Each structure stands twice: as C-alpha cells, then as structure tokens.
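> coords below, sequence missing:
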Ligand SMILES: Nc1ncnc2c1ncn2[C@@H]1O[C@H](COP(=O)(O)OP(=O)(O)OP(=O)(O)O)[C@@H](O)[C@H]1O
C-alpha cells in the first residue's frame, strides 16, 4: 500500500424507503486533509460516513479510492485498503483487556502475522496514550479512555483515511481537548481525517477545512471561518446565530 490515498465520491444519493437522506453529494479528500463536518441533526452526516466507509451502499453515485471504483466494496475490504471509520458509541470487546482489543483489530485488518500485529497494537496503544491501561479490562475504563481505545483500535488497522463519527460525544470540553491531542498525533503520522462533531471550537483544533451539511446536501465548504459566517449555514441552525454552532 502506498502512503498516499485519495478518495473521490461523486453524485452520492442515499434513500431509506421514500426518505431521501443524501441528495447529490460530491466529496473529495486525501491523506493531507483534515476535514470537519457540521450540520443540524438529521442533515445526513453519519449516513455520509457510512456510505464512504462501506457500511451502507449508496442508492446511486460512485466512490473511487486511488482512481479505482470501490462503490460495491464492503466495509471490511475498504478497511484493508486504509479506509476506516470509528463509531459514535465505542463498543470494545468485553471480557478482554485494552491491549487484546487493539491486538484483535491489528490481526484482523493490518496483518495476519502475530508478531507484527503485537508490535502494531503496542505502538497504537502508546500513540493513544494508553500504555498504562494496556492490561485493564476494556469494560472497566472510563468514557474518555474508551474513546481513546476506539482511536487505538482504528489506528491498529493502519488507516490512511480515518472517519471519526462524533468521537467527542459525551465528553466534557476538557476531556474533548485531551482527545484532540491524540487526534493531532494521528494527523502528524499522515493520516487523513474526517471528523463529524457538534462542538465546533473543539473540531477546529483539527479541521483545516469545514463542510456544513443540511438536508442531505453540502451547503458550504472551505475555510472554517468563512463557512461559519456563511448566512446559509447560520440559517440551517436554530436561531440563525453562530452561537448555535457551539463556537
Ligand atoms: N437506517 C435508517 N433507516 C431509516 N432512516 C434513517 C436510517 N439512518 C438514518 N436515517 C435517517 O436519515 C436522516 C439522517 O440521519 P444521519 O444520522 O445521517 O444524520 P446526522 O446529520 O448524522 O444527524 P445527527 O447529528 O443527529 O447524528 C435522519 O432523518 C435519520 O432518521
């Protein structure tokens, strides 16, 4: 696998029955990107990540990774190609340790060699600042550490493009800031990040580009300050002020 990866999604539509959730999305990114996605509840943000990561198929549209069509490729195969998503609610395997959780992720996606998987798992745990918790049962750690574990598990799959779905959800601002440091460490390793988060001032510590979605469409994209002061973006949020954006 080359270290550089580029994702291109064109004309993405997604419907659940009669409900149209994504309505003609074009989305491009590569390993150099750190993209934040905001938008009111129900805008289609999580569904977009599901479609890009392969958890759900688009109703129509194309997705290409490094110029190869992956529209029909299942999530597991996309993960092997470096396209990985974390989940809003971390679900570690219970009854096993933090280290074993990360090791399982490494051996199922990055390598089938146990020694190599061990090294990858150890490095991922170190990078996520969890070495002191490596032998703890995954069930017994607090929410911030469960979020870090979710990042360590994702990292152990050796992603090139990582999708974070509200990984700061449920954390205090101070805790979310600690998580930001870990995410910035991943950025420094050349992993492209897409992060959906409601608290914009936390998100902007990582995101260099901001996308705002509403009703299944991208309504603004570009420099975060420009996007946040965009009239259409403010109107999409209740009250039409930037206060509603958590800025
Ligand atoms: N599997 C599904 N079946 C039916 N409707 C769905 C399904 N998944 C999502 N939806 C609907 O699609 C719309 C968009 O949901 P989605 O979770 O993508 O929005 P979101 O922008 O991530 O919202 P939030 O910020 O609240 O998480 C919502 O109206 C939701 O109810």
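Cool, the structure landed. Being a predicted model, the structure only gives us computed values, none of them experimental.

> Need the residues that contact the top helix by length along the chain.
In the chain, assigned by DSSP state H, the helix with the most residues is helix 173-188. Contacts with helix 173-188, where a contact means Cβ atoms under 8 Å, 6 or more residues apart in numbering, come from 34, 127-129, 143-144, 147-148, 151, 155, 162, 164, 167-168, 171, 193, 195, 199, 202, 205-206. Where C-beta positions appear, they are placed from N, C-alpha and C, glycine not excepted.

> quick one: contacts of stretch 20-35?
3-15, 44, 47-48, 51-52, 58, 61, 160-161, 187, 190-195, 206-211, 215-218.

> Buried members of the contacts of helix 173-188 into PyMOL, please.
The buried residues among these can be selected in PyMOL (16 or more other Cβ atoms under 10 Å) with this line:
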select buried, resi 34+127+128+129+144+147+148+151+155+162+164+167+168+171+193+195+199+202+206
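
> tell me the domain boundaries of the chain?
29-56+72-82+164-247, 90-158 (automatic domain parsing).

> Reformat those domains as a markdown table; add distance to residue 66 and mean pLDDT.
Shown next, in a markdown table, are the domains of the chain (distance: least, Cβ to Cβ, whole Å; pLDDT from 0 to 100):
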| stretch | distance to residue 66 | mean pLDDT |
| --- | --- | --- |
| domain 29-56+72-82+164-247 | 8 | 90 |
| domain 90-158 | 16 | 90 |
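
> Could you export these as JSON lines, including distance to residue 65?
Converted to JSON lines, these look like this (distance: least, Cβ to Cβ, whole Å):
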{"stretch": "domain 29-56+72-82+164-247", "distance to residue 65": "6"}
{"stretch": "domain 90-158", "distance to residue 65": "15"}
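
> now the strands for this protein?
Remark: strands assigned in the chain by DSSP state E are 6-16, 19-30, 34-38, 60-65, 68-69, 83-85, 161-165, 192-196, 209-214, 217-222.

> a markdown table for these, including distance to the ligand?
Converted to a markdown table, these look like this (distance: least, Cβ to the nearest ligand atom, whole Å):
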| stretch | distance to the ligand |
| --- | --- |
| strand 6-16 | 3 |
| strand 19-30 | 4 |
| strand 34-38 | 8 |
| strand 60-65 | 15 |
| strand 68-69 | 24 |
| strand 83-85 | 13 |
| strand 161-165 | 8 |
| strand 192-196 | 7 |
| strand 209-214 | 6 |
| strand 217-222 | 12 |
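
> Same list, those, but as TSV with distance to residue 135 please.
Shown next, in TSV, are those (distance: least, Cβ to Cβ, whole Å):
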stretch	distance to residue 135
strand 6-16	37
strand 19-30	37
strand 34-38	33
strand 60-65	37
strand 68-69	41
strand 83-85	25
strand 161-165	26
strand 192-196	29
strand 209-214	39
strand 217-222	44
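
> excluding its backbone neighbours, what's nearest residue 168?
residue 176 (4.2 Å; Cβ to Cβ, 6 or more residues apart in numbering).

> I meant residue 45, not that one.
Excluding the flanking residues, the one nearest residue 45 by Cβ to Cβ, 6+ apart is residue 196, at 4.7 Å.

> partners of the one you found in the sheet?
Residue 196 forms beta bridges with residue 37, residue 165, as assigned by DSSP bridges.
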